[in-house]
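> Requesting a structural model of the entry that follows:
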Amino acid sequence: MIEKIISSDETIQEESNTFAKGECFYKYLTIFIIGSLLGVIYEDILHLMKTGEFMTHRGEMFLPLNPLYGFGIMLLMVGLSKIKEWYHCIVYGSIVGGGIEYFASWGLELISGQIAWDYSHLPTNIDGRTTVYIALFWGVCGFLLAKFVYPYLACFIESWPKKIATIIIKTIWIVMIIDMVVSYLVLSRQMLRSKGYESFTFIGETIDRVFTDERIEVFFPNMRTQVKE
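As a prediction, this is how the structure comes out:
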């Protein structure tokens, strides 16, 4: 009896010292950050292989991260990991992946006037924002991520020192949020400038002075402004 109590206490103590144990916010947040980084690396390598030129595909002004990839990878990994049948994983993954890509493109263009990708020249494209083939690609990737990557990644994350990992993940998350807000403000002002709207606030004037169209192109070379009448 005493041995069982001691064993139970040791288990509780071990779990309390484990970072991101089980299904929790820190587990999801860590996967989101890792996915954001891997998405940029993937896009950069793909572009380099296609054109022989390096072009950054980050989704934020300063950090080499793409929140769209982070959100998509996190959602596919966690959501599809609970689905048993492989073909259901691919179908749901295709819907989720294609849906995220479509609505992210639509939202970005609506809010900031920026077009980060355009598939209008490809067959089976949907408003140029995604295609059936690309959606199926995300479905297959989602299946592989959920069934073969997520279990090992979860164990790897839980092996991190709890105090240090918590501080690092919190810090990256705070900086990401600030960077996302700055990126949104800068891209919004660029769209308004392209339509002839003058800034009437100190923040807008500062953005116009510091972040010119030429400088924004350095940060986001893969984007182009769509001016709508």
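> Only the buried residues of the strand or helix carrying residue 157, if you could.
Using DSSP states H and E, residue 157 maps to helix 150-158. Across helix 150-158, burial judged by 16 or more other CB atoms under 10 Å covers 150, 153-154, 157-158. For glycine as for every other residue, the C-beta is placed from the backbone atoms N, C-alpha and C.
> of all these, which comes closest to residue 40?
residue 153 (17.8 Å; CB to CB).
> sorry, back to before: in TSV, list the buried residues of helix 150-158 along with distance to residue 174 and pLDDT.
Output for the buried residues of helix 150-158, formatted as TSV (distance: CB to CB, whole Å; pLDDT from 0 to 100):
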residue	distance to residue 174	pLDDT
150	26	94
153	23	95
154	24	94
157	19	96
158	23	95
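> Just give me the closest of those to residue 47.
Nearest to residue 47 among the buried residues of helix 150-158, with distances taken as CB to CB, is residue 153, at 25.4 Å.
> one step back: now the helix holding residue 157 - C-alpha only, CSV.
Taking Å, rounded to 0.1, in the frame of the first residue of the first chain, the C-alpha atoms of helix 150-158 are listed here in CSV:
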residue,chain,number,x,y,z
TYR,A,150,2.4,14.4,-34.2
PRO,A,151,2.9,11.5,-31.7
TYR,A,152,6.7,11.9,-31.8
LEU,A,153,6.6,15.7,-31.8
ALA,A,154,4.3,15.7,-28.8
CYS,A,155,6.7,13.5,-26.9
PHE,A,156,9.6,15.7,-28.0
ILE,A,157,7.9,18.9,-26.8
GLU,A,158,7.1,17.3,-23.4
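> and that helix, what does it pack onto?
helix 25-51, helix 67-80 (3 or more CB pairs under 8 Å, 6 or more residues apart in numbering; DSSP states H and E).
> Relative to residue 164, which of the buried residues of helix 150-158 is nearest.
Using CB to CB, those come closest to residue 164 at residue 157, 12.8 Å.
> can I assume residue 54 sits in a strand?
No: judged by DSSP: H, G, I helix; E, B strand; the rest coil, residue 54 forms no part of a strand; its state is coil.
> I figured it hits residue 45, correct?
No: counting by CB atoms under 8 Å, residue 45 is not a contact partner of residue 54; they are 9.5 Å apart.
> would you list every one of the strands in the chain?
114-115, 125-126, 130-131, 224-225 (DSSP state E).
> The first one - contacts with which helices or strands?
Right, strand 114-115. helix 86-112, helix 162-194, strand 224-225.
> For residue 76, grab the count of nearby residues.
28 (other CB atoms under 10 Å).
> now residue 212
Count around residue 212 with other CB under 10 Å applied: 13.
> List the buried residues in stretch 54-64.
57-61, 63.
> Sketch out the low-pLDDT regions of the protein for me.
Scanning the chain with the threshold set as pLDDT under 70 gives 1-16, 111-112, 223-229.
> got CSV for the buried residues of stretch 54-64, with distance to residue 174 too?
As requested, the buried residues of stretch 54-64 are exported to CSV (distance: CB to CB, whole Å):
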residue, distance to residue 174
57, 23
58, 18
59, 17
60, 13
61, 15
63, 11
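> Between those, which sits nearest residue 219?
residue 61 (5.2 Å).
> Excluding sequence neighbours, find me the nearest residue to the closest one.
Using CB to CB, 6 or more residues apart in numbering and skipping residues adjacent in sequence, the residue nearest residue 61 is residue 183, 4.6 Å away.
> swap in residue 101?
Nearest to residue 101 is residue 130, by CB to CB, 6+ apart, at 4.4 Å.
> separation between the one you found and residue 122?
10 Å (CB to CB, to the nearest Å).
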